[in-house]
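# Just to be clear, the model below is a prediction. Sequence and coordinates:
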Amino acid sequence: MHRDERIWVLILAAGEGSRLRSLTTTASGTSIPKQFCSLYGGPSLLQEALSRARSVTVDEQVCAVVAAQHRPWWQPQLADLDTANVIVQPQNRGTANGILLPLLRLLESDRGARILLVPSDHHVRDEAVLARAMRDALQRLRPHSEATLLLGFEPDEPDPQLGYIVPGEPDDDGVRPVARFVEKPSKALAQALIGLGALWNGFIVASTVHGLLGLFSRSRPRVVHAMRQAIRQDLRSPAQTSAVAALYERLPTLDFSRDVLADQASSLRVLRVPACGWTDLG
C-alpha cells in the first residue's frame with residue numbers, strides 16, 4: 001500500500017467486553033476486556049485486528065481507539081504504533097463517540113481520507129478472504145464521496161445471536177443497498193432471512209471522512225458540534241485542561257449501529273464477504 005492512497009484504519013478497542021467477562025476474568029478476579037485476550041494462546045484479538053489493518057494500509061495510517069482505564073492492557077500491545085495514532089478516550093461512551101473523536105481529528109489533517117472501521121473483538125480463520133473484501137470496499141470509494149459500505153458476511157448457519165443485514169436489489173457493480181437491519185432474530189426468522197439473502201453484520205465499515213461525518217451530522221448534530229468545538233479548543237490550548245475530557249463527562253453513551261446507522265439504512269450499501277470463518281466474539 002502507498003501512503004498517497006490515503007487509507008486510514010480505525011480499530012475500535014475501547015469496549016468493556018462484559019458479555020464474555022466470565023471467560024476473561026483471571027484467577028485473582030481481574031476482568032480483562034476480551035480484545036486484549038488471546039483465543040488460542042497466540043496473538044490477542046487486538047493484535048489480530050492490527051494485522052488485519054496492516055493488510056490494507058501502512059502503519060502510519062493505522063489508529064486504535066482505546067479507553068484510558070484499559071491502559072495496562074493496551075499500552076504494551078500497541079507499543080509499535082505511533083503515540084499520535086493511539087486515540088485515548090477519557091472513558092468509554094459507546095462506539096459512536098469512539099468513532100466520532102478520531103474522525104473529527106482526522107478531518108483537520110486529511111479531508112480526502114478513506115476510512116475503514118474495524119472492531120477488535122473478531123476472529124477470522126481465513127484472513128486473506130477478508131483482506132480482499134476490505135480492499136475491494138475501499139477501492140470502490142471516491143475520496144470526497146459520501147458513500148458508506150458495510151461488509152456483510154455470508155452466513156453458514158442461522159445464528160440468533162447475531163445482527164443481520166437484509167440487502168435490496170444489486171447495483172450494476174454488484175454492491176447492494178441495505179433494505180433493513182434485523183438484530184438477534186429467532187432461529188426460525190434467521191433462517192428465513194438467510195433465504196432472502198441476508199448477511200451477518202460484522203460492523204466493518206468502509207467510508208470517507210465526509211461520508212461518516214454526514215451520518216453523524218444527520219443523526220447526532222449536537223454531539224458533532226460539541227465534540228468539534230472541544231477538539232479545536234484543545235488544539236488551540238494544549239497546555240490547559242482537556243476540553244474533550246470535560247465533554248466526555250456529559251456525553252450520552254451512543255452505539256454506532258443502533259444510534260447512527262439503524263435509522264439511515266437507505267443511505268447505506270453492503271458488500272458480500274464470502275465465507276471466511278468469521279466469528280463475532282461478543
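That came in fine, so what should we check first? Values in this document were obtained by computation on a predicted structure and should not be read as measured data.

# from here on, contacts and neighbour counts on C-alpha atoms
Noted.

# From H123, how far off is Y40?
Going from Y40 to H123 by C-alpha to C-alpha, to the nearest Å gives 10 Å.

# what about the two, which has more around it?
H123 (19 against 8; other C-alpha atoms under 10 Å).

# Touching, the more buried one and L130? I think so.
No: applying C-alpha atoms under 8 Å as the test, H123 and L130 come out as separate, 10.9 Å apart.

# where does the stretch 1-150 of the chain have low pLDDT?
For the stretch 1-150 of the chain, applying pLDDT under 70 flags the ranges 1-5, 17-30, 143-144.

# can you give me the strands in it?
Assigned by DSSP state E, counting those that start in this stretch, the stretch 1-150 of the chain shows strands spanning 7-12, 62-67, 86-89, 114-119, 122-124, 148-153.

# The helix or strand following the last one pairs with which strands, and in what direction?
Beyond strand 148-153 in the direction of the C-terminus, DSSP states H and E gives the next helix or strand as strand 163-167. Here strand 163-167 has these sheet partners by DSSP bridges: strand 176-183 (antiparallel), strand 199-208 (antiparallel).

# Could you verify my assumption that V166 touches A198?
Yes: V166 is in contact with A198 according to C-alpha under 8 Å; the separation is 4.5 Å.

# Which of those two has more residues huddled nearby?
A198 (27 against 23).

# Contacts only, for that one.
Y164, I165, V166, P167 (C-alpha atoms under 8 Å, 6 or more residues apart in numbering).

# Identify the residues contacting the residue nearest to L254 when sequence neighbours are not counted.
Of all residues not flanking L254 in the chain, G94 sits nearest, at 4.9 Å (C-alpha to C-alpha, 6 or more residues apart in numbering). By C-alpha under 8 Å, 6+ apart, G94 lies in contact with G15, T253, L254, D255, F256.

# could those residues be laid out in CSV, adding secondary structure, neighbour count and distance to A64?
Shown next, in CSV, are the contacts of G94 (DSSP: H, G, I helix; E, B strand; the rest coil; neighbours: other C-alpha atoms under 10 Å; distance: C-alpha to C-alpha, whole Å):
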residue, secondary structure, neighbour count, distance to A64
G15, coil, 22, 12
T253, coil, 15, 19
L254, coil, 17, 19
D255, coil, 16, 18
F256, helix, 19, 16
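
# Relative to A147, which of those is nearest.
Comparing the contacts of G94 against A147 with C-alpha to C-alpha places F256 closest, at 16.6 Å.

# Distance of that closest one relative to N85?
Taking C-alpha to C-alpha, one finds F256 at 21 Å from N85.

# show me where the stretch 1-150 of the chain has helices.
45-54, 71-77, 95-109, 127-139 (DSSP state H, counting those that start in this stretch).

# The helix or strand hosting A192 versus strand 163-167: what angle between them?
Element membership of A192, judged by DSSP H and E, is helix 187-195. Angle, helix 187-195 to strand 163-167, by axes from the mean of the first three to the mean of the last three C-alpha atoms, to 10 degrees: 40 degrees.

# Now do helix 187-195: everything it contacts.
P155, E157, P158, D159, P160, Y164, V166.
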